[in-house]
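Colleague: here is my input, please return the structure:
(2 chains)
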Amino acid sequence: MIAGRAAPLVRAALVLALALGVTLAIVFAAGAPPFDTLAVMAKGGLGSRTALLRTLSALAPLLLCGSALCVTFAVNLWNIGVEGQITMGAVFGLSLLRAVDPAGALPPDAAVAGSLVAAMAGGAAWALIAGVLRTHGRVHEIFSGLGLNFVAMGISLWLILGPWKRPGMASMSGTEPLANALWLPALFGRPMSLWGLILALAAYGFAVWLLGRTFFGLTLSAVRQNAMAAERLGLRPKRRMLAAMGICGALAGLCGGVLVTGLYHRLIPSISGNYGYTAILAVLLASGSLPFLPLACLFFAVLTVGSIQLPLELSLDSSLAGVIQGVLVLTLFAARRLWPAAGPKGGA
Amino acid sequence: MDVVLSHIVKRFGHVLASDDVTIRLEAGRIHGILGENGAGKSTLMRMLCGVLAPDAGAVVVNGRAYDRLSPEMASGLGIGMLTQDPLDFPPLRVWENFALGGGPVLRRAEARERLAEACGRMGFCLFPDLPVSSLTVAERQQLELARLFDRDVRLLILDEPTTGISPAQKEALFTVLRGFVAGGDRQVALVTHKLAEARELCDQVSVLRQGRLAGAFAAPLDTPAILATMFGADMAGDASAAPPSPPAASGGGAVLLRLHEAVVADEKTVLDPLSLAVRPGEIVGLAGISGGGQEAFLRGLAGIAPVVAGQLSVAGEELAGRAATRFLRAGVHYLPASRMEEGLFPGLSLLDHVRLAFPDKRGEAGAVFASRCVGRFRLTNAPAVKAASLSGGNQQRLLLSLIPDDTRLLLADNPTRGLDAASIAQIWDHFRDRAAAGAAVVFFSEDLDELLAHAGRVLVFYNRAMAADLPAAGLDAGLVGDLMTGRAAPGVVRP
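Modeller: Sure thing, here's the model as predicted:
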C-alpha cells in the first residue's frame, strides 16, 4: 500500500523537476541568470512584510476566480469568459455605488455590501449569456467567453471615457475615486482590504462544500462524466451547466466588486488585470483539484508580485514572469503525458 | 497455407484473455472459434491479424514463426479479417472504400473494374458510386469481402459475421465462404458464440472458455459435448434449455402504450406514421436490419427522439412532443445499447450512481445498494469501485438496478449484446418478472433467434416503417427475415 501511495508522489516530483528544468533553461536562453532570477522573484514576493502583503493582495482575486472556475470545470465547461465577468462585476458594483452615493440613500456599510451583491449579479448575468449560448445556441463557451471579454472591456472603457468620466477631463487612469466611506474597511490590509482575502477564503470554502458535499456537486460531476447518461436519468444537464456558469460568474463578479471597493476604489481600464487568465492557469496547475488550488494560486501570486523586482534588480523585463508561468504549466501538461498516472484519476 | 497459433498468452491487466492457446488452422477448411462472450475469441483473432501483440507464444505461418505481426505483415502474408462492425469509411463511395487498404491505393478505373470482377465472382451486387453510409450491414460486409478477396486473402477471419443480417443474407454469406475454401488452398476462421452456425458451416471447431482452449471437435459436431465445453458441465443444461415461453399478448385490460399515426423523427431518420397499442404484461420484440427504423422507434417511445406528429400516450397521458423528463415521470425508462457511453458515469462510484438515480433515498444509498443492487440484481459488491472498471454484465446489472420498480414501460436496445450466458439469462428473467408485475417491455435485438425466443409479439421494421405486427407463437425466422429485408410483402402476413 505504501508503494501504491508513494508512486503518485514520485511521479509528481519527477513532473515538477522536469517543469523546473525546462523553465530554467528558457530563463537561461533569455539571457538571464536562472537561479538569481528565481531568487529575486521569490524574495520580491515573500521577502518582506510589504512583499507579503502585496502577494496576499494578488492572492485574493486569484483564489476567488480559481474557486469560481473549479465550479465550471466540475461540469467540464471552459469558462474563458471569467475576465469579462470580473469586469462586469466591477461595472455593476460601481454603478450601484454611483447611484446611492450622492443621494446618501443607504448607510455606507450597506451600500458597500449592496455593491458587492450587485457585482455578483453582474458577473452571473455576463456568465449566463455564454451559458445560454452554449446550452441553447450550440456556441462553445470558449468562443462566446472570449468574445464577451472584449465586449466587457469595451463597455468599461466606454464608461470611463464617456458617461462616467471625471469632471472636466476623460482619463485612462479611471473614473473619479470613491469617497472613503464607500471603501471596503482595510483591516490592516495594504494595498488591498483584508476583506478581499476573507471573501476569497469564504468562496473557496463554499466551492469545497458545494462540489464535495452536496447532491448538486454530485450531479455536476455526473454531467461532466457523461452528459448523455445524465440526460437519460432526468438530471437536466443543461440546467446544471447554467447553474454552474451562474455561480462561477457570481464569484468572478464578486472579484470585480472587491477590486473596485477594496483595491482601486474606482473603475480603471482592464480592471480584471489578467487575474482571470492567471486563475485559469492556477486551476490547470492544480488539475482542477480543490485541495491544491490555494497553493497554486499562492505560487502565481508570488510570481506576479515578485516579477516586479526583475527590472529593478536584474534589469530584466517583468514579462519574464508571464513566460515562466506559461512554460511551467505547459511543461507540466507535457510531462503528465510522458508519465501518465497508473489509474483513472478522480475528479475534484 | 498452414497457420498455427502456438502457445499464445495475452494479458489485459489482471485478466488473462488468452492462456496458452494453441490452434492449428488448415488449408481448405472452415475452422470455428467457438465460445461465449468474453471467452477470448476476438482477442485471439486480433493477434492473428496483427492488431494486438501476444505477450508470449508465436504465430507460425508456413513453418516460419513470428513473435508478433503488424497489420501490414499480416495482410502481406494473406491474412485478412472481417470485423464485427465493418471497418470502412461511411462517407466515402463504395469504389473508394474498395480502393483503400491493403497495399497501394488503386486508381479509379482499375478499382471499379476489379470491384466488378470480384462482385461477379461472388454473386454480390454493389453499386460503385453509392456512399457506404447508405448500405446495409450485409452489403458493407460484402464490400469488405470483395476487397479482401481482391487482395488475394489466403486466411479469412470473420468475427461474428451474422450479427445484424437476415437469415437469407446469412445463407448467401455461408455459400460464399464454402466456395472460398473449395479450392483447397485457402481457409476461413469463423468466430461465433452461436453453436448452430458452427454446426452448419464448420469442418472443425476450437472451443474457448475463459481464455483457455477448452476443447477441439471435428464435424459432425456433437451438441451436448460442445455446450458442456463452452459453459462448463453445470451451465450447459441451462444454456441449452428452451427459455420459458413468453407471456402471450393478453386480449383484455387497459392499453398502456398507444400510438396513433405517430411520426418519430430521429437525428437522421423520420419514420412513417404508425399506430399501435401495447398492454401491460406484454413483451414486444422489434425486428429489423440496420436502418430499418426500429432503434429510432425505440428512442421515440423513450422521448429521446421527438414524436413530431400524431399521438403517443402512456397510461392515458399524452406525451407526444413532451420532454424526455416527462416520459421518465410517466414511468418510461430506456436501457441503451451502448451502456458505458449512454448510460453510466465511468469516473463515478457505483454508490454515486445509486444516489443520482434515487435522489430521494440518497441518505441511505449504502443500504439501497446492498439490498437492491447486490441482493436483488446480483451486482458485484463493491460500492466504492468506479463504473469504468465494471464488466459488461455488471454494467447491465447496475443499469437494470437503477430503473425504478414502478416503471410502466421498459425499453431496451440490444439488452444482451456482448454479455455472457449467465448475465443474459438473468436479463430475460428480469424482463419476465417486470412483465408479470404489470409493466410492458419493448426491446430490440439484432439476434433474431433470441428475439423470437423471448418476445410474445414481434414488430418487424423495414425501410423506416413498421412492416408487420405478429404474435411470436409459431413464428418462422425465415419469414421474419424476409420481412426485415423487404423480400416479403407485409400485407400478406398481417394477421
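Colleague: every contact and neighbour count from this point should use C-alpha atoms.
Modeller: Noted.
Colleague: residues from the stretch 301-450 of chain B in reach of chain A?
Modeller: For the stretch 301-450 of chain B, the residues in contact with chain A (CA under 8 Å from any CA of the partner chain) are B:324-325, B:328, B:334, B:341-348, B:352, B:356-357.
Colleague: list buried residues within these.
Modeller: Buried by 16 or more other CA atoms under 10 Å in any protein chain shown: B:324-325, B:328, B:334, B:342-348, B:352, B:356-357, out of those.
Colleague: rewinding a little: so of the residues of the stretch 301-450 of chain B next to chain A, which ones are in helices?
Modeller: Counting by DSSP state H, these place B:324, B:325, B:328, B:341, B:342, B:352, B:356, B:357 in helices.
Colleague: secondary structure class for the closest residue to residue B:328 other than its chain neighbours?
Modeller: Nearest residue to residue B:328, sequence neighbours excluded (CA to CA, 6 or more residues apart in numbering or on different chains): residue A:234, at 7.1 Å. Classification of residue A:234 using DSSP: H, G, I helix; E, B strand; the rest coil returns coil.
Colleague: tell me who's in contact with residue A:234.
Modeller: Going by CA atoms under 8 Å, 6 or more residues apart in numbering or on different chains, residue A:234 touches B:324, B:325, B:328.
Colleague: and the buried ones among the residues of the stretch 301-450 of chain B next to chain A as a markdown table, adding pLDDT?
Modeller: Formatted as a markdown table, these follow (pLDDT from 0 to 100):
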| residue | pLDDT |
| --- | --- |
| B:324 | 91 |
| B:325 | 92 |
| B:328 | 94 |
| B:334 | 95 |
| B:342 | 90 |
| B:343 | 92 |
| B:344 | 94 |
| B:345 | 95 |
| B:346 | 92 |
| B:347 | 91 |
| B:348 | 94 |
| B:352 | 94 |
| B:356 | 95 |
| B:357 | 94 |
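Colleague: about what we covered before: identify, from the contacts of residue A:234, the entry nearest to chain A.
Modeller: residue B:325 (5.3 Å; CA to the nearest CA).
Colleague: any idea how far the residue lying closest to that closest one once chain neighbours are set aside lies from residue A:169?
Modeller: Sequence neighbours aside, residue A:234 is the residue nearest to residue B:325 in space, at 5.3 Å (criterion: CA to CA, 6+ apart). As judged by CA to CA, to the nearest Å, residue A:234 and residue A:169 stand 57 Å apart.
Colleague: so where's chain B shaky on pLDDT?
Modeller: B:102-103, B:233-252, B:490-495 (pLDDT under 70).
Colleague: residue nearest the middle of it, spatially speaking?
Modeller: residue B:417 (4.8 Å; CA atoms, centre = their mean).
Colleague: give the helix, strand or coil label for it.
Modeller: coil.
Colleague: that one: what's it in contact with?
Modeller: Neighbouring residues of residue B:417 by CA under 8 Å, 6+ apart: residue B:337.
Colleague: distance of it from chain A?
Modeller: 19 Å (CA to the nearest CA, to the nearest Å).
Colleague: can you count the residues close to the residue of chain A found nearest chain B?
Modeller: In chain A, no residue comes nearer to chain B than residue A:229, which is 4.4 Å away by CA to the nearest CA. Using other CA atoms under 10 Å in any protein chain shown, residue A:229 is surrounded by 21 other residues.
Colleague: ok, for it, nearest residue in space, not its chain neighbours?
Modeller: residue B:343 (4.4 Å).
Colleague: so that neighbour sits against residue B:334, correct?
Modeller: No - under the criterion of CA atoms under 8 Å, residue B:343 is not in contact with residue B:334, lying 9.2 Å apart.
Colleague: and chain A, which residues reach chain B?
Modeller: Residues of chain A lying near chain B (CA under 8 Å from any CA): A:218-219, A:221-222, A:225-226, A:228-230, A:232-234, A:344, A:346-347.
Colleague: who wins on neighbours among the residues you listed?
Modeller: When neighbours are taken as other CA under 10 Å, the top entry among those is residue A:222 (27 neighbours).
Colleague: looking at this, that one is in a helix?
Modeller: Yes - membership of residue A:222 in a helix is supported by three-state DSSP.
Colleague: that one reaches residue B:345, doesn't it?
Modeller: Yes - using CA under 8 Å, residue A:222 makes contact with residue B:345 at a distance of 6.2 Å.
Colleague: once you drop chain neighbours, what's closest to residue A:91?
Modeller: Residue A:91 sits nearest to residue A:156 (CA to CA, 6+ apart), 6.8 Å away.
Colleague: residue A:311 now?
Modeller: Nearest residue to residue A:311, sequence neighbours excluded (CA to CA, 6+ apart): residue A:317, at 5.4 Å.
Colleague: likewise residue B:180?
Modeller: Residue B:180 sits nearest to residue B:186 (CA to CA, 6+ apart), 7.0 Å away.
Colleague: could you measure that neighbour against chain A, distance?
Modeller: Residue B:186 sits 44 Å away from chain A, going by CA to the nearest CA.
Colleague: residues near that residue, how many?
Modeller: By other CA under 10 Å, neighbour count at residue B:186 equals 21.
Colleague: contacting residues around it?
Modeller: Per CA under 8 Å, 6+ apart, neighbours of residue B:186: B:1, B:27, B:28, B:29, B:153, B:154, B:155, B:180.
Colleague: repeat the analysis, applying 6 Å as the threshold.
Modeller: By CA atoms under 6 Å, 6 or more residues apart in numbering or on different chains, the residues touching residue B:186 are B:27, B:28, B:154.
Colleague: by neighbour count, which of those residues wins?
Modeller: Of all the contacts of residue B:186, the most densely surrounded is residue B:154 (23 neighbours; neighbours counted as other CA under 10 Å).
Colleague: and residue A:282, how many neighbours?
Modeller: 29.
Colleague: now do residue B:389
Modeller: 13.
Colleague: how about it: what's its closest non-neighbour residue?
Modeller: Once flanking residues are discounted, residue B:389 sits nearest to residue B:346: 7.9 Å by CA to CA, 6+ apart.
Colleague: first-to-last residue distance for stretch B:330-344?
Modeller: 22 Å.
Colleague: and whatever residue of chain B ends up closest to chain A, how far from residue B:453?
Modeller: Residue nearest to chain A within chain B: residue B:343 (4.4 Å; CA to the nearest CA). Note on residue B:343: its distance to residue B:453, by CA to CA, is 26 Å.
Colleague: what do you get for residue A:180?
Modeller: Distance from residue A:180 to residue B:453, by CA to CA: 83 Å.
Colleague: and the buried ones among the residues of the stretch 301-450 of chain B next to chain A, which is closest to residue A:115?
Modeller: When those are compared for distance to residue A:115 (CA to CA), residue B:356 wins out at 37.6 Å.
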